[in-house]
Each structure stands twice: as structure tokens, then as C-alpha cells.
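>>> Requesting a structural model of the entry that follows:
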Amino acid sequence: MESGLSSTVSVENAVESRADLAPRDWLEIGQALLKSGGLRALKLRSLAQAAGASTGSFYHHFKDFDGYHAALASYFAEAQIDPLLASLTASDLAPVERIRAFAEHVRDHDMSQLALAMRAWAKSDARAAAAIREHDDKVMAFLVEQLTAHGFDSVEAGIRGYALLAVGLSEVHPVEGLDRGVLRNGLLTLLCER
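The predicted structure is shown next:
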């Protein structure tokens with residue numbers, strides 16, 4: 001597993017059958033299942049199968065499935081986003097380039113799909129709803145900080161940060177023939193530049 005900035009593992013490339021699975025392995029596999037099939041796909045048997053492990057090995061790390069759900073929500077709001085934002089904030093990149101690097105990481109790790117799955121889960125689970133709020137607050141703070149450092153006043157930085165977050169979670173499909181990379185770069189330029 002990658003450390004620090006990794007976000008999820010695909011279900012197809014899940015951890016090989018072994019007894020040394022760490023809690024993080026179970027959480028990343030759970031996120032992959034959540035992302036690909038929603039909360040209905042997040043079942044103990046599916047987790048164990050994707051991990052190549054027995055259901056018993058799951059209980060070495062989690063007391064019960066409810067505790068696993070709590071850990072999964074917390075993992076999304078803390079262990080994944082905190083190192084990414086800290087790394088970007090500490091980088092030598094200019095503020096707008098930090099936002100671009102964040103957007104590339106989100107794209108490369110399909111984090112928008114995960115955030116959408118978490119939002120669907122949040123409609124029926126207070127822990128997931130709290131995780132979404134915490135995650136969004138951290139991302140918004142990062143975006144506003146970068147946009148303010150780039151020269152926008154705090155109100156405009158907040159509006160632009162909100163728009164960036166909303167666009168990143170959009171499920172609207174671009175017009176046919178419009179390259180997604182061109183669209184993404186154009187939107188970043190539109191929302192980040194003066």
C-alpha cells in the first residue's frame with residue numbers, strides 16, 4: 001500500500017490473501033466497494049472476499065460492523081485528507097498550483113466518486129454526515145487559504161472555493177466532444193485566476 005497520499009485500492013487489485021491485513025487495508029477495500037457499489041455493496045462477506053481473507057480476520061481489527069462503519073467514516077475525514085492537504089500546504093508550489101495539484105490528486109485517485117458515495121451514505125448515517133462536514137470544512141479551508149494567498153479577498157475566495165468544491169463533486173457530464181482535461185483546466189483557470 002502507498003502511504004500518506006493514497007486514497008483507495010480498486011476491488012480488482014485488493015490485497016492478496018494473507019493474515020497480516022492492517023485496519024487501513026480493510027478501510028481502503030471498504031472505500032473501493034462503497035465507491036463502486038454504494039452502501040449496499042459494503043457487506044462483510046464482500047469485504048473479506050475482496051481482501052482475500054476470512055471474515056474472522058476482519059474481527060481482529062474491528063469489534064463489529066458498526067465499529068467498522070465508524071472507522072470508515074473517520075478514515076475519509078481524517079487519515080486520507082489530512083496528509084494530502086498538509087503536504088500541499090508545505091510544498092513550494094504557488095497557491096493556484098497547489099489547488100491544481102489537489103485537483104489532479106482527486107482525479108487520479110477517483111476521490112470525487114468516493115465523496116459522492118460518502119454523501120449518499122450520509123443521508124442515512126450521522127457518522128458519515130459528520131465525516132462529510134469535516135472533510136468539506138478542511139477542503140474549503142485549504143481552498144480559501146490558497147485563493148486568499150493568491151490575492152482574492154476572503155469573501156471572493158470563499159465563493160470561488162465553494163464553486164471549486166461543487167464543480168469537483170458534479171455528476172454533470174460534459175458536452176460530447178469536449179475533452180475532460182480541457183474542461184477541468186478551463187474551470188480551474190476560470191475560478192482561480194483574476
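>>> quick check: domain ranges of this structure?
According to automatic domain parsing, the chain comprises the domains 23-62, 77-192.
>>> Redo those domains as a markdown table? Include mean pLDDT.
Shown next, in a markdown table, are the domains of the chain (pLDDT from 0 to 100):
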| stretch | mean pLDDT |
| --- | --- |
| domain 23-62 | 92 |
| domain 77-192 | 91 |
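>>> Not counting stretch 151-159 itself, show me its contacts.
With contacts defined as C-beta atoms under 8 Å, 6 or more residues apart in numbering, stretch 151-159 is touched by 140, 143-144, 147-148, 160, 194. Any C-beta I mention is one placed from the backbone N, CA and C, and that applies to glycine too.
>>> Among those, which ones are in helices?
Among the contacts of stretch 151-159, the residues falling in helices (DSSP state H) are 140, 143-144, 147-148, 160.
>>> Can you pick out the most distant pair from those?
Distance extremes for the ones in helices among the contacts of stretch 151-159: the farthest pair is Met140 and Thr148 at 12.0 Å, using C-beta to C-beta.
>>> Any idea which of the domains of the chain gets closest to Tyr68?
Among those, domain 23-62 sits nearest to Tyr68 (C-beta to C-beta), with 4.3 Å.
>>> Same question for that closest one: list its buried residues.
24-36, 39, 41-42, 46-48, 50-51, 53, 57-58, 61-62 (16 or more other C-beta atoms under 10 Å).
>>> try stretch 138-147
Quick answer for stretch 138-147 (16+ other C-beta under 10 Å): 138-140, 142-147.
>>> now swap in stretch 65-80 and tell me
Residues 68-77, 80 are the ones in stretch 65-80 that count as buried (16+ other C-beta under 10 Å).
>>> how about the residues you listed in JSON lines, adding distance to Leu116 and secondary structure?
Conversion of those to JSON lines gives the following (distance: C-beta to C-beta, whole Å; DSSP: H, G, I helix; E, B strand; the rest coil):
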{"residue": "Tyr68", "distance to Leu116": "21", "secondary structure": "helix"}
{"residue": "His69", "distance to Leu116": "18", "secondary structure": "helix"}
{"residue": "Ala70", "distance to Leu116": "21", "secondary structure": "helix"}
{"residue": "Ala71", "distance to Leu116": "20", "secondary structure": "helix"}
{"residue": "Leu72", "distance to Leu116": "15", "secondary structure": "helix"}
{"residue": "Ala73", "distance to Leu116": "15", "secondary structure": "helix"}
{"residue": "Ser74", "distance to Leu116": "19", "secondary structure": "helix"}
{"residue": "Tyr75", "distance to Leu116": "17", "secondary structure": "helix"}
{"residue": "Phe76", "distance to Leu116": "12", "secondary structure": "helix"}
{"residue": "Ala77", "distance to Leu116": "15", "secondary structure": "helix"}
{"residue": "Gln80", "distance to Leu116": "15", "secondary structure": "coil"}
